[in-house]
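**Q** build me a model:
(4 chains)
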Protein chains: 2
Amino acid sequence: MSDKRLQLITTAFKLFYLKGVHAVGINEILAESGIAKKTLYHHFSGKEDLVSAVLAFRDQRFHDWLESRFNESNNGADKVYALFDALDDWFNDRVADLLPFHGCFFINVSAEFGDPENPLHRQCSRHKESIRSLIAKQVDMLDIDSSDQENMTDALCLLKEGAITLAYVQGDRDAAVKAKATAVMLLRRECA
Amino acid sequence: MSDKRLQLITTAFKLFYLKGVHAVGINEILAESGIAKKTLYHHFSGKEDLVSAVLAFRDQRFHDWLESRFNESNNGADKVYALFDALDDWFNDRVADLLPFHGCFFINVSAEFGDPENPLHRQCSRHKESIRSLIAKQVDMLDIDSSDQENMTDALCLLKEGAITLAYVQGDRDAAVKAKATAVMLLRRECA
DNA sequence: TACATAGTAGACAGACTGGTCTACTCGTGT
DNA sequence: ACACGAGTAGACCAGTCTGTCTACTATGTA
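**A** Predicted structure coming up:
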C-alpha cells in the first residue's frame, strides 16, 4: 500500500470518527494530511470509495485487537470476560490503537447511511457479523450445551452492542463493567 | 402549537429519520411540506433549532408509546416482557405511530453530532435517561432484592440498546426476541 | 535517454448549503 | 377601519461541497 494512500486513510478515519462522515469535507482531509487533491483522486474514485477504504481499515484494526485480547486470555469463562475487559479498556481510552473512544465507527456510519441497501451500510453489517464470529469461537470453547451456544453468543453480542451505545450516547464509562456483571450471571446459570 | 410548525416538525422528522440530519437540507423539508422558507425561520431560529424540536417531538411520542405498553401489561415479570414485545412490534413495523423502523433516532443523531458537549447529543442522552427511568419503574415492582433492582435495570437497558443496534445495523428483525430470551434467563435467576 | 508513475499546487466548475430579504396576501381582533 | 401576525413565493447572498483540470516536478526503470 502506497504511503500517501495509507496516510489519507488514517487522516480520514481520525476526522470521520470524530465528527462524522458528512460533517467532514474532502478539503479538510487534504488540509489536515497535507496531500494534494489530485493524489486523493488518484487513489480513490471518490469520497464514498475513501469511506469504504476507511471502514475496511478500521475493521481490520478492531478485529485484530479483539482477537489478540482473546488470545491473551485464559481458557474457559475468562475468554468471555476478556470481551468485556477489552471493551472497558476501549471505553476508558486505554487502547492507543483504537483512538480515544467515540462510539463504534460502524454504528455511526450506519446511522449516516441509513438505507440498508447502501454499500457502506452493508459493509458495517459485515463487520458486526465478523466480530460475532470471533465471539462465537470463544463460546464454542465453553463447557455448555451446544444447543445453548447460539443463544449465549446472541446474549453476549446484545450486551456488547448495548454497552457501546450506553458508553457513547449517555457517556457511561462503566457500561462494560455492567455488561460484564450481566454476563457473569448468565454464565453461572449455564454452568450451574 | 401552530399548524405549520407541527407540519414542519413531522416532515423534518420523517426525512431526518430516513436519511440522516446532515443529508437532508432545509430546502428539501420545505419542498416536501410545501411550506415557505420564511415561515420556517419564523418558527425556528435555524436548522439546529428545528432538529432540537424534532428530537423533543420524537422523545414524547416514543415515551408515551412505551408507557402505554407498560400500562397495558399485567403486573410482575410481564411488565418486563412487555418491553421486549413492544420492541419486537417496533422492529417489525407494527407500530404506526413510530414510522417504519430505521434504528433509534437518538442513537442516529448522537452519531451525527458526536461531541458529547453538543446540545443535540445531550438531548439524546436525556431521552435515554428518561426511558431508563420508565424501565426502572417496572423493575421496582418486581419481587426482587432492592439491591438487585439497579443491576436488573442496567441489564435490561443494555439488552434493549443491543437489540436496537442489531436490528438496525445487521437488519436482524428477531433481535427483540433474542433479547427477551436473555431477559427471561436473568429473571428466572433472580426469582429462583 | 526516454518514459511512465506518483506526486504537488491550486484554479475552476457546477451544484448545493443555510440563511436573509423584499413584496405580497389573508384573516382576526380591536 | 385598520393594524398586525402568520403566511406565501422566491430572488438572492456568501460560502461549501465534490470532483476535474492544467501545469509542473521528482524518481525509478527499461
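**Q** and residue A:49, how far from DNA strand D?
**A** Distance from residue A:49 to DNA strand D, counting by CB to the nearest atom of the strand, to the nearest Å: 8 Å. In short, each C-beta sits where N, CA and C put it, glycine included.
**Q** so which elements touch the one helix or strand that residue maps to?
**A** Using DSSP states H and E, the element containing residue A:49 is helix A:47-72. Counting contacts by 3 or more CB pairs under 8 Å, 6 or more residues apart in numbering or on different chains; DSSP states H and E, helix A:47-72 packs against helix A:3-19, helix A:77-91, helix A:105-112, helix A:119-140.
**Q** look up the closest residue to residue A:47, ignoring the ones flanking it.
**A** What sits nearest to residue A:47 in space, not counting adjacent residues and going by CB to CB, 6 or more residues apart in numbering or on different chains, is residue A:26, at 5.9 Å.
**Q** neighbours of that neighbour, how many?
**A** Close neighbours of residue A:26, defined as other CB atoms under 10 Å in any protein chain shown, add up to 15.
**Q** correct me if wrong: it contacts residue A:44.
**A** No - if you go by CB atoms under 8 Å, residue A:26 and residue A:44 don't touch, sitting 9.7 Å apart.
**Q** what residues does stretch A:50-65 touch?
**A** Contact with stretch A:50-65 is made by A:8-10, A:12-13, A:16-17, A:21, A:29, A:40, A:44, A:86, A:95, A:97-98, A:105-106, A:109, A:119-120, A:123-124, A:127, A:130-131, A:134, as judged by CB atoms under 8 Å, 6 or more residues apart in numbering or on different chains.
**Q** again, only using 6 Å
**A** Contact with stretch A:50-65 is made by A:9, A:12-13, A:21, A:44, A:97, A:105, A:120, A:123, A:127, as judged by CB atoms under 6 Å, 6 or more residues apart in numbering or on different chains.
**Q** and stretch A:82-89, by the same measure?
**A** Here stretch A:82-89 has contacts from A:69-70, A:73, A:95, A:163, A:176, A:179-180, using CB under 6 Å, 6+ apart.
**Q** same list (the residues you listed) but as JSON lines, adding neighbour count.
**A** Formatted as JSON lines, the contacts of stretch A:82-89 follow (neighbours: other CB atoms under 10 Å in any protein chain shown):
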{"residue": "A:69", "neighbour count": "18"}
{"residue": "A:70", "neighbour count": "18"}
{"residue": "A:73", "neighbour count": "18"}
{"residue": "A:95", "neighbour count": "17"}
{"residue": "A:163", "neighbour count": "29"}
{"residue": "A:176", "neighbour count": "25"}
{"residue": "A:179", "neighbour count": "29"}
{"residue": "A:180", "neighbour count": "20"}
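**Q** measure the residue nearest to residue A:44 when sequence neighbours are not counted to residue A:107 for me?
**A** Closest residue in space to residue A:44, ignoring its immediate chain neighbours: residue A:50 at 4.5 Å, by CB to CB, 6+ apart. Using CB to CB, to the nearest Å, residue A:50 is found at 20 Å from residue A:107.
**Q** which one of the contacts of stretch A:82-89 is nearest to residue A:149?
**A** Nearest to residue A:149 out of these is residue A:70 (CB to CB; 16.0 Å).
**Q** gap between that closest one and residue A:83?
**A** Applying CB to CB, the value for residue A:70 to residue A:83 is 8 Å.
**Q** go on, residue A:19?
**A** According to CB to CB, residue A:19 and residue A:83 sit 29 Å apart.
**Q** returning to that earlier point: and the residue nearest to residue A:44, what's its pLDDT?
**A** What the model reports as pLDDT for residue A:50 is 95.
**Q** just send the contacts of stretch A:50-65 back as TSV, with distance to residue B:63, pLDDT and neighbour count too.
**A** Formatted as TSV, the contacts of stretch A:50-65 follow (distance: CB to CB, whole Å; pLDDT from 0 to 100; neighbours: other CB atoms under 10 Å in any protein chain shown):
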residue	distance to residue B:63	pLDDT	neighbour count
A:9	41	96	22
A:12	38	96	26
A:13	36	97	21
A:21	30	96	27
A:44	43	94	20
A:97	39	92	10
A:105	29	98	24
A:120	31	96	19
A:123	34	97	18
A:127	32	98	25
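**Q** now distance to residue B:170 too, for those, in CSV please.
**A** Formatted as CSV, those follow (distance: CB to CB, whole Å):
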residue, distance to residue B:170
A:9, 25
A:12, 25
A:13, 22
A:21, 20
A:44, 27
A:97, 25
A:105, 15
A:120, 14
A:123, 12
A:127, 10
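**Q** let me see the residues that make contact with stretch A:104-111.
**A** Under CB under 6 Å, 6+ apart, the answer for stretch A:104-111 is A:17, A:58, A:120-121, A:124, A:127, A:164, B:108, B:111, B:169.
**Q** just the CA atoms of stretch A:88-96, as CSV, please.
**A** Taking Å, rounded to 0.1, in the frame of the first residue of the first chain, the C-alpha atoms of stretch A:88-96 are listed here in CSV:
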residue,chain,number,x,y,z
ASP,A,88,-13.8,-1.5,29.3
ASP,A,89,-10.3,-0.6,28.2
TRP,A,90,-11.6,0.8,25.0
PHE,A,91,-14.3,2.9,26.6
ASN,A,92,-11.8,4.4,29.0
ASP,A,93,-9.2,5.2,26.4
ARG,A,94,-6.6,2.7,27.4
VAL,A,95,-6.2,1.3,23.8
ALA,A,96,-3.9,3.6,21.8
